[in-house]
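[1] Could you work out the structure for the sequence below:
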Amino acid sequence: MLTAAILARRGKRVLLLEREPQVGGRLRSYEIDGFVVDAGAYLWPNLHLDGALAAAGASTYRSSVIPVTQVLRLFVQGTGGKRFVFPWPGLPQSPELVAVAEAALAADADTYRELTQLWDNLAALSDAEVESLKHVPLSSALPHFTADERLANSFRRNVMIFGTYDPRSASMAECIALRRRSPRGPHPKPESPGPNPGGGVRALPQAIHAALLAAGVELRLGYRVEQIVIESGTVRGVQAHGSQPFAERFEAPVVVSNLPIAQLFDVVARGHFPKAFAESADRFRVVGGTISAAFAFDGLPKLRETGEEDSFPGWTRLLIGAEREFGGGLLWATLHSPANAPARKHVLQAMRLSPHADIADSRRVGLVHDAFRAMLDEMYVDVGAKLLWERRWVTRDGSEYMITAAPRPPVQAPGVDGLYFVGETTDVGAIQMDAAAK
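    Numbers count the residues shown, from 1 in each chain. Just a heads-up that it's a prediction; the model follows:
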């Protein structure tokens, strides 16, 4: 939608085909018993979104910026609800960080000191050396920098806490970029949907939807693209259908696709592209989706550690089980978007990135939901008294593009004139939804 609105405002004739009956893609919100639940993404970095919204003419959306000092915190199951500071790579050693290293990174004070030195060594690599590691997974790169398996395990766990259930597949260069980030920026502002009328993450696509219609974009809802038509290496248009299964052909010299790159070959024969590009696209098929839940509360629950009501606006990471495995994260949506709940009530959203095998297994989905609930009971003293209801669901929209070593496609398709890619999987020097905005 951003692409369509920007192109139309620059004088292009634009047709937008949306396969769903409503706009928004993953940015969906649903109403349950007077509450608004966000069933897709609801937190993202913003270095480019503001500029993209301005270029699209979308000025009505309101975001909520999370203070830098309150972006992330950590809870480790079995520690009695204790809150830990987030072990950002390269921070100087302190008692707080040694405590979290022991609880979350399987590292004592000496190992944590060595871990800090390892991060420093990686940060000192030349730009050319880091670039050479862009598509090298951790499993291949890490043995070149340490032969100590205990230290390597702590390093992988440090990477895992940033949100990946499979740190071995993370790009070593992306990991180094985490260490190299300067607090003086520029780097993305973490944001969540703010005080928009009606509440929910749906406010963002609603604002862009209004802008693209004002720009003169022709929008067709419920249209599924069957094929991007390519002849002699050049785009000719698309074949798509609406409520009937009969295809219509739309002639166009340029097609912009926002399909996740792993789904591209559902609508284009892979033979149109170089072999290396097709193989890279296939690597994104291993990225899973999410197991998510929402918990509605009558008031904010009290932290077991302090007895005070929780008021953390950032993203809370969870480590669960005896092995301190990645357990997902939590966000109080109503601390950003008050319209997500009736007065003095709140919604806590939970999400865990998960492999496809887990998402397809109802028992495993139930175990993840049970783990969320168990952590709530450990973190808060009054969940039973204040919890009103809970819901769970799965999505199959992979979101591990932040640190994956899989090569992303360029904006312009290799080997095909007139075909362009937008969205999270494009190689534009940004991460997650911020990549889509850029």
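[2] can you list the weak-confidence ranges in this structure?
    Counting by pLDDT under 70, the chain shows low-confidence ranges at 182-186, 286-287, 397-402.
[3] the longest helix in it is where?
    Secondary structure of the chain per DSSP state H: the longest helix is helix 362-379.
[4] Please compute how far stretch 370-380 lies from its chain's middle.
    Taking the mean C-alpha point of stretch 370-380 and that of its whole chain, the gap between them comes to 23 Å (Cα atoms, centre = their mean, to the nearest Å).
[5] Show me what that stretch is in contact with.
    Surrounding stretch 370-380, the residues in contact under the criterion Cβ atoms under 8 Å, 6 or more residues apart in numbering are 75, 77-78, 80-81, 293, 295, 301-304, 310, 318, 320-321, 327-328, 330, 348, 350, 352, 383-384, 387, 390. C-beta coordinates here come from the backbone N, C-alpha and C atoms, glycine included.
[6] Tell me the buried residues within these.
    With neighbours counted using 16 or more other Cβ atoms under 10 Å, the contacts of stretch 370-380 contain these buried positions: 75, 77, 81, 293, 295, 301-304, 310, 318, 320, 327-328, 330, 348, 350, 352, 383, 387, 390.
[7] Keep only those of the residues you listed that are in helices.
    With helices defined by DSSP H, the entries of those inside them are residue 383.
[8] Please flag which of the buried ones among the contacts of stretch 370-380 sit within strands.
    Using DSSP state E, the members of those that fall within strands are 75, 293, 295, 318, 320, 327-328, 330, 348, 350, 352, 387, 390.
[9] ok, those vs residue 196, which is closest?
    Taking Cβ to Cβ as the measure, residue 196 lies nearest residue 348 of those, at 19.3 Å.
[10] can you tell me which residues contact residue 300?
    For residue 300, the contact set (Cβ under 8 Å, 6+ apart) comprises 309, 310, 311, 332, 346, 386.
[11] what would the residues you listed look like in a markdown table with distance to residue 42?
    Listed next are these as a markdown table, based on distance: Cβ to Cβ, whole Å:
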| residue | distance to residue 42 |
| --- | --- |
| 309 | 21 |
| 310 | 17 |
| 311 | 18 |
| 332 | 11 |
| 346 | 14 |
| 386 | 22 |
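[12] Among those residues, which one has the most neighbours?
    Comparing the contacts of residue 300 by number of neighbours (other Cβ atoms under 10 Å), residue 346 comes first, having 24 neighbours.
[13] Would you mind confirming that that residue makes contact with residue 310?
    No: when contacts are counted by Cβ atoms under 8 Å, residue 346 is not listed as touching residue 310 (9.1 Å).
[14] Need the overlap of contacts for these two.
    Taking Cβ under 8 Å, 6+ apart as the contact rule, the neighbours common to residue 346 and residue 310 are 300, 332.
[15] Give me the buried positions along the helix or strand where residue 206 lies.
    Following DSSP states H and E, one finds residue 206 within helix 203-214. For helix 203-214, the buried set under the neighbour-count rule, 16+ other Cβ under 10 Å, comprises 203, 204, 205, 206, 207, 208, 209, 210, 211, 212.
[16] Verify the stated contact: residue 207 with residue 58.
    Yes: under the contact definition of Cβ under 8 Å, residue 207 touches residue 58, with a separation of 4.5 Å.
[17] how near is the nearest residue to residue 289 once chain neighbours are set aside to residue 30?
    Taking Cβ to Cβ, 6 or more residues apart in numbering as the measure, residue 289 lies nearest to residue 396, with 4.1 Å between them; neighbours along the chain are not counted. In this structure, residue 396 lies at 17 Å from residue 30, with Cβ to Cβ, to the nearest Å as the measure.
[18] repeat for residue 139
    When Cβ to Cβ is applied, the distance between residue 139 and residue 30 equals 39 Å.
[19] Helices of the protein, residue ranges please.
    2-9, 49-56, 95-104, 109-123, 127-132, 138-141, 149-160, 172-180, 203-214, 275-283, 356-359, 362-379, 383-386, 432-437.
[20] can you put those in a markdown table and add distance to residue 410?
    Compiled in a markdown table, the helices of the chain are given as follows (distance: least, Cβ to Cβ, whole Å):
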| stretch | distance to residue 410 |
| --- | --- |
| helix 2-9 | 15 |
| helix 49-56 | 19 |
| helix 95-104 | 37 |
| helix 109-123 | 27 |
| helix 127-132 | 16 |
| helix 138-141 | 23 |
| helix 149-160 | 26 |
| helix 172-180 | 17 |
| helix 203-214 | 24 |
| helix 275-283 | 9 |
| helix 356-359 | 27 |
| helix 362-379 | 36 |
| helix 383-386 | 48 |
| helix 432-437 | 12 |
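[21] so which of these comes closest to residue 225?
    The minimum distance between residue 225 and the helices of the chain falls on helix 2-9, with 14.4 Å, by Cβ to Cβ.
[22] Name the surrounding residues that touch the closest one.
    Where contact means Cβ under 8 Å, 6+ apart, the residues beyond helix 2-9 that reach it are 14, 16, 52-53, 55-58, 208, 211-212, 215-217, 219, 256, 258, 422, 436-437.
[23] tell me the angle it makes with helix 203-214.
    Going by axes from the mean of the first three to the mean of the last three Cα atoms, to 10 degrees, helix 2-9 is angled at 30 degrees with respect to helix 203-214.
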